[in-house]
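[1] Pasted the sequence and its predicted model underneath.
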Amino acid sequence: MSGTKSRKKPTVAPAPEAQALLRISTRNYSSWSMRGWLIARLSGLPFRVQAVSPDDPGTRAELLLNSSSILIPCLEHEGAEVWDTLGIAEYLNELRPEAGMFPADRVARARCRSICGEMHAGFHALRSSLPMNLRAFVPGFPVWSAARADIERIQFLWRDCLGRWGGPWLFGARCTVADAMFAPVVTRFRSYDVALDAVCEGYARTIEAWPDFQEWVAAAKEEPEARITELEFDAEF
Ligand SMILES: N[C@@H](CCC(=O)N[C@@H](CS)C(=O)NCC(=O)O)C(=O)O
């Protein structure tokens, strides 16, 4: 018998690969990608990210081959494919109710779904004239009247929620899907130098201090500088 005992090396189990995949596009310009990613983070479900460029004809063809939609963000998880931001939120909320992605209170939850729906389906003037561009800062940007009406409405919704549920998030002490839905709006307000009232300014700072939000913005700034000229404004307008 040999004097040396064979010792088993401790085995470190490899981290299980996330079962869920979230497809996103550019972090700098795609507000829907940002919403989907923040919502996925809120759920606590481990997920991998695949960044694709839906503007590239080759990518479009490939996406269409493997998927029912080329819309982004798109979540794939255990046979389910969800390609709409609110669909992703509802799917993840069903999967992980313990994450509290929507407010626990029925009345607050109803309001939360309403304002998420309003963001999802509306504010077209704001979206088209102040496109998300995390790298941009355009001081004194002239905001046309239709977009100004959208800005007023958003500030009204924020003030109302913060007043009713006490902040610092829209529905009180916990961050919900509504905060993820409005986070890209905060970046638009900053990029286009939109002045906010004191309450809304406080809320914008809450979003900017959100670690997941900061992680997204930092990654966007690292993204290779592919400029989408239609989404850039010159300082001279
Ligand atoms: N309502 C959709 C909007 C998604 C959307 O419009 N995504 C854009 C990128 S930001 C897209 O995938 N565009 C690809 C295309 O239209 O070809 C959602 O909530 O996810």
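    Perfect, I can see it now.

[2] Quick check: G140 touching D193?
    Yes - in this structure, G140 is within contact of D193 by C-beta atoms under 8 Å, at 6.1 Å. For every residue, glycine as well, the C-beta is placed using N, CA and C.

[3] neighbour-wise, which of these two wins?
    D193 (12 against 8; other C-beta atoms under 10 Å).

[4] ok, now which ones touch the nearest residue to T26 once chain neighbours are set aside?
    Closest residue to T26 apart from its sequence neighbours, by C-beta to C-beta, 6 or more residues apart in numbering: E223 at 6.7 Å. Taking C-beta atoms under 8 Å, 6 or more residues apart in numbering, we find E223 in contact with T26, R27, N28.

[5] who in this structure is up against the ligand?
    With C-beta under 6 Å from any ligand atom as the criterion, the chain comes near the ligand at residues S25, S30, W32, P54, I70, L71, I72, P73, D84, T85, H120.

[6] could you redo the last one with a cut-off of 5 Å?
    Counting by C-beta under 5 Å from any ligand atom, the chain comes close to the ligand at S30, W32, P54, L71, I72, D84, T85.

[7] Check the gap between the closest residue to the ligand within the chain and M181 for me.
    Taking C-beta to the nearest ligand atom, the ligand has its nearest neighbour within the chain at T85, 3.3 Å off. When distance is defined by C-beta to C-beta, to the nearest Å, T85 is 7 Å away from M181.

[8] got any residues that touch both of these two?
    R35, H120.

[9] Which of those two has more residues huddled nearby?
    Neighbour totals were compared for T85 and M181, and T85 leads with 27 against 24 (other C-beta under 10 Å).

[10] doesn't R41 make contact with D212?
    Yes - if you go by C-beta under 8 Å, D212 and R41 touch, sitting 4.6 Å apart.

[11] The host helix or strand of D212 - contacts with which helices or strands?
    Using DSSP states H and E, D212 sits within helix 211-222. Here helix 211-222 touches helix 31-43, going by 3 or more C-beta pairs under 8 Å, 6 or more residues apart in numbering; DSSP states H and E.
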